[in-house]
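Participant: need coordinates for the below:
(chains A and B)
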Amino acid sequence: GESVGLHLPTLSVQEGDNSIINCAYSNSASDYFIWYKQESGKGPQFIIDIRSNMDKRQGQRVTVLLNKTVKHLSLQIAATQPGDSAVYFCAEKSGGGADGLTFGKGTHLIIQP
Amino acid sequence: DAGITQSPRHKVTETGTPVTLRCHQTENHRYMYWYRQDPGHGLRLIHYSYGVKDTDKGEVSDGYSVSRSKTEDFLLTLESATSSQTSVYFCAIRLGGAGTEAFFGQGTRLTVV
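Facilitator: You can find the predicted model right below:
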């Protein structure tokens, strides 16, 4: 079946810089997208979501951008902090049914001091 | 953690033995999910439930069965564990409605030897 993937498995950034994590999705029917953060030994934690009728959504220090034309999703983290070190997953869903999310393989964000 | 408790948190079992993992929620959510997480594959959906006694298969359901006899508990059973089922298993709940995010438990690390 179609799946969501990520361009880079590891991203290393300097503390205080902005981070950009990318995600490509292939299911053109997807209409809901989520970014999750997963710290070692823990379950995925919701960061921010976006629906397909939007192209940008902002949260606290995070912004998600959606480009439906090229089926691309990105997560921007402003002023990256040591606590941002984690694996980040994008996930997508199509329709309002009960079925679950389709996840990408994850990007490991490493913060350099 | 949205009131999700997984048990056990860690388990080692032998090939061919049955194993049951439990997911318990305290907030009466309708939708519950079981995912497995493996290196290089991200999270993949095993089974899900949309109500008491209402369940359906996900992407990787072979070798697994589920039961939901009451709203708060969703059980995942490996009828005869195999080494390929060594993984970290996550339970998730969804608050309901189209385009709503899933909240995850802390995970169960299962090793089949």
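
Participant: ok now the longest strand along chain B, how far from the chain's centre?
Facilitator: Taking DSSP state E as the criterion, chain B has its longest strand at strand B:42-51. With C-alpha atoms, centre = their mean, to the nearest Å as the basis, strand B:42-51 stands 7 Å off its chain's centre.

Participant: so what touches it?
Facilitator: A:44, A:89, A:91, A:98-106, B:30-38, B:55-61, B:64-66, B:68, B:71, B:74, B:76, B:89-90 (C-beta atoms under 8 Å, 6 or more residues apart in numbering or on different chains). Heads up, the C-betas are built off the backbone N, CA and C, glycines and all.

Participant: tell me the helix or strand right after that strand.
Facilitator: Going down the chain from strand B:42-51, the next helix or strand is strand B:54-57, by DSSP states H and E.

Participant: where does pLDDT dip in the chain?
Facilitator: I went with chain A, as the question did not name one. A:1-8 (pLDDT under 70).

Participant: look at chain B instead
Facilitator: B:1-2, B:96-99.

Participant: mind listing the strands for it?
Facilitator: B:4-7, B:10-13, B:19-25, B:31-38, B:42-51, B:54-57, B:64-70, B:73-78, B:87-94, B:102-104, B:108-112.

Participant: how about the third one: buried residues?
Facilitator: Across strand B:19-25, burial judged by 16 or more other C-beta atoms under 10 Å in any protein chain shown covers B:19, B:21, B:23, B:24, B:25.

Participant: indicate the residue of chain A located nearest to chain B.
Facilitator: Nearest residue of chain A to chain B: residue A:96, at 2.8 Å (C-beta to the nearest C-beta).

Participant: tell me, how many residues neighbour the residue nearest to residue A:63 when sequence neighbours are not counted?
Facilitator: Ranked by C-beta to C-beta, 6 or more residues apart in numbering or on different chains and with sequence neighbours excluded, the top spatial neighbour of residue A:63 is residue A:76, at 4.4 Å. Neighbourhood size, residue A:76 [other C-beta atoms under 10 Å in any protein chain shown]: 15.
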